[in-house]
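J.: Show me the folded form of this:
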Amino acid sequence: MAKIEPFRSLHYNPDHITDLSLVVAPPYDVIDGSGQEALYQKHPYNFVRLILGRELGADTAAENRYTRAGAYFDEWQRRGILVQDEKPALYVIEQKFSVSGRSMRRLGFIALMRLDDDGGKVSIYPHEHTHAAPKEDRLRLFRTVEANLSPIFTVFSDPKKTVRRLLDRVMRAGKPASSCRDPEGVENRLGRVTDPALIEKVKKELSGREVFIADGHHRHEVARLFRGEKRRELGTAFKDSYNFIMTYFTALEDEGICILPTHRLVEKAAFSLEALKPAFGVEKRADSKDLVAAMGQGKGEAVFGVYRDKEYFLLRLCDRKLPRQVLPDATEDYRALDVALLHKIVFDHFLKISLEQVRYEVQVDRAVAAVDEGRYSALFLLNPTRIEQIRAIALGGGAMPQKSTYFYPKVLSGLAVHKF
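T.: Predicted coordinates:
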């Protein structure tokens, strides 16, 4: 089961950075080119310089965005821009946000989590496939900074809300250690737990829990790879801190758990929806709102949306035997996943759309605009994956397609850093 520890976080020095919103950044994998540039322009100490630095034409093996990140990281510590807490702590994060007009509040905390040993008992369950290129990218960054710059995002079961009540007590006790509002309007408040007795209560609760990775699959795998490198390199000088990864924890039952769908944009694809008949029913819809509403009315059946040539369509799987025929070796839980059926049946089996043609977008309006601008041939819309599906797939040892879930809001990078 999960083993967690408090730690002495590196964080922005409030004496130098009075407005935290200018220097924090989203996780690296949701920052696009324009977003990267906007973060660079926000502040000379914006955290994007560490997690997703610019690539320059003159880059070499000795001078590149990874070495620059290492140099910035060292310089910011020397200049007191980043300072380290004196006492080990758990870092409570309260996030207030709105989705579809509904106000929500999510509570979680950041701690160190011990990585599972190779071949040992499993306590950390991933649910998505990972790819070589992102892992190599993050591994190069790990080597130059020797730190967890951003936490991975995990969920655990807390049916009696024991941990939530403890976190609530901390956030209601007094002024937060820091706070900021991100560009999407999410209010972030951070509190520190340094009381050893309270820390032990949280540790005890987590020691009996299974932990499921929501975001950060690549960083988790890279942490294990980096640990292996350090064991081989250092031998008896190996530091125990390499056995841990900085982790954000929130409960499956938390009232603020929100999973958004990640829609699929397809480039350079010529296909006819007639090719999907009679396995799928194809219904024309009026607009994006009408389509999304119709998708949300599906009760346990596989439904997808399609936008192309200024028209919207609802796809409804009619052939209930097809998932078993196309995915004979998959579990029933996997065959019930809309995102798996879209990739394996619609893309692979019928339309011959390769993964290289697929890009990802959470916001429907932005995705529709990208098709209208001619950058993509079509948009395929999904319903959100349910939290119980994630748990079932993870416990079963399965893995969903990449970008199957989008937990919202993200945990900002720059609130806490674990230096090995």
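
J.: Could you give the average pLDDT over the lengthiest helix in the chain?
T.: The single longest helix within the chain, with elements called by DSSP state H, is helix 217-234. For helix 217-234, mean pLDDT rounds to 95.

J.: Touching that helix from outside, list them.
T.: 29, 115-116, 118, 124, 126-128, 130-131, 134-135, 138-139, 142-143, 148, 150, 152, 213, 238-239, 242-243, 245 (Cβ atoms under 8 Å, 6 or more residues apart in numbering). For every residue, glycine as well, the C-beta is placed using N, CA and C.

J.: Among the residues you listed, name the buried ones.
T.: By neighbour count, with 16 or more other Cβ atoms under 10 Å, these hold 29, 115-116, 124, 126-128, 130, 134-135, 138-139, 142, 148, 150, 152, 213, 242-243, 245 as buried.

J.: Distance of the nearest residue to Val417 once chain neighbours are set aside relative to Leu139?
T.: Once flanking residues are discounted, Val417 sits nearest to Leu10: 3.9 Å by Cβ to Cβ, 6 or more residues apart in numbering. Separation of Leu10 from Leu139 (Cβ to Cβ, to the nearest Å): 21 Å.

J.: go on, Trp76?
T.: From Trp76 to Leu139 the distance is 22 Å (Cβ to Cβ).

J.: now Tyr376
T.: Counting by Cβ to Cβ, the gap from Tyr376 to Leu139 is 31 Å.

J.: try Asp333
T.: Asp333 is 31 Å from Leu139, by Cβ to Cβ.

J.: After the longest helix of the chain, which helix or strand is next? Please name it.
T.: Sequence-wise, the next helix or strand downstream of helix 217-234 (DSSP states H and E) is strand 244-251.

J.: Parallel or antiparallel, which strands does that next one pair with?
T.: strand 102-114 (antiparallel), strand 152-156 (parallel) (DSSP bridges).

J.: And the longest one, what's buried?
T.: Okay, so that is strand 102-114. For strand 102-114, a neighbour-count test (16+ other Cβ under 10 Å) marks Met104, Arg106, Leu107, Gly108, Phe109, Ile110, Ala111, Leu112, Met113, Arg114 as buried.

J.: quick one: that strand to helix 217-234, angle?
T.: Counting by axes from the mean of the first three to the mean of the last three Cα atoms, to 10 degrees, strand 102-114 lies at 20 degrees to helix 217-234.

J.: Put the alpha carbons of strand 102-114 into PDB.
T.: Output of strand 102-114 as PDB, limited to C-alpha atoms (Å, rounded to 0.1, in the frame of the first residue of the first chain):
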ATOM      1  CA  ARG A 102     -21.500  24.800 -11.200                       C
ATOM      2  CA  SER A 103     -19.200  26.000  -8.500                       C
ATOM      3  CA  MET A 104     -16.900  23.300  -7.100                       C
ATOM      4  CA  ARG A 105     -14.200  22.800  -4.500                       C
ATOM      5  CA  ARG A 106     -11.500  20.100  -4.500                       C
ATOM      6  CA  LEU A 107      -9.200  19.300  -1.600                       C
ATOM      7  CA  GLY A 108      -5.900  17.400  -1.900                       C
ATOM      8  CA  PHE A 109      -2.400  17.500  -0.600                       C
ATOM      9  CA  ILE A 110       1.200  17.100  -1.900                       C
ATOM     10  CA  ALA A 111       3.600  14.600  -0.200                       C
ATOM     11  CA  LEU A 112       6.400  12.300  -1.300                       C
ATOM     12  CA  MET A 113       5.300   8.800  -2.200                       C
ATOM     13  CA  ARG A 114       7.700   5.900  -2.200                       C
END
